[in-house]
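A.B. asks: just a sequence and a predicted model for now, questions to come.
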Amino acid sequence: MEQQSTHNLMVGYLTWIFGFLGAHRFYYGKPISGTIYFFTLGLLGIGWIVDLFLLPSMDRDADIRFIRGPVDYTVAWLLLVFVGYFGIHRMYMGKWLTGILYLCTVGLFGIGYIYDLWTLNDQITLINGKCAKT
């Protein structure tokens, strides 16, 4: 049985363009190294270049680690990146109360946005896992 994809490799390569800020590492569920890349500009560019060749492996690991379900990881990530301060990604995941709270507080003054960068993949996995059990 073939593993279904949870993350999109093309999106991985697109986020790699901003990889010196750790974007692709956050997308693939590696928040610690994503934060390190953010503060070191992709390990002074060296790690960023190396990651160009590691992206297919990161994509496979994400497909194994995270659970496919009704909430699409790529859609949620795109919403977080582009309109995350307004809570649209949280509304998409069915978290209406916190989505409206983000909308009224500009992502809880940015702190909630950073929290979601660190935890979005795990939040989606919990939602998709609950849906898979019902």
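C.D. replies: Everything's here; your move. All of these numbers come straight from a predicted model, not from anything done at the bench.
A.B. asks: all helices for this protein, in order.
C.D. replies: Using DSSP state H, the helices of the chain run over residues 9-16, 23-27, 31-44, 46-65, 73-83, 88-92, 96-109, 111-133.
A.B. asks: in TSV: those helices, plus mean neighbour count.
C.D. replies: For the C-beta atoms, the positions are set from N, CA and C on the backbone; glycine is no exception. Formatted as TSV, the helices of the chain follow (neighbours: other Cβ atoms under 10 Å):
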stretch	mean neighbour count
helix 9-16	17
helix 23-27	26
helix 31-44	16
helix 46-65	15
helix 73-83	19
helix 88-92	22
helix 96-109	15
helix 111-133	16
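A.B. asks: okay, those in TSV with mean pLDDT next?
C.D. replies: TSV is the format used below for the helices of the chain (pLDDT from 0 to 100):
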stretch	mean pLDDT
helix 9-16	94
helix 23-27	95
helix 31-44	94
helix 46-65	96
helix 73-83	95
helix 88-92	97
helix 96-109	96
helix 111-133	94
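A.B. asks: for residue 30, give me phi and psi.
C.D. replies: Backbone geometry at residue 30, expressed as degrees, to the nearest 10, gives phi -120, psi 70.
A.B. asks: from residue 130, how far out is the residue nearest to residue 23 when sequence neighbours are not counted?
C.D. replies: Using Cβ to Cβ, 6 or more residues apart in numbering and skipping the chain neighbours, the partner closest in space to residue 23 is residue 15 (4.2 Å). As judged by Cβ to Cβ, to the nearest Å, residue 15 and residue 130 stand 27 Å apart.
A.B. asks: then residue 46?
C.D. replies: 40 Å.
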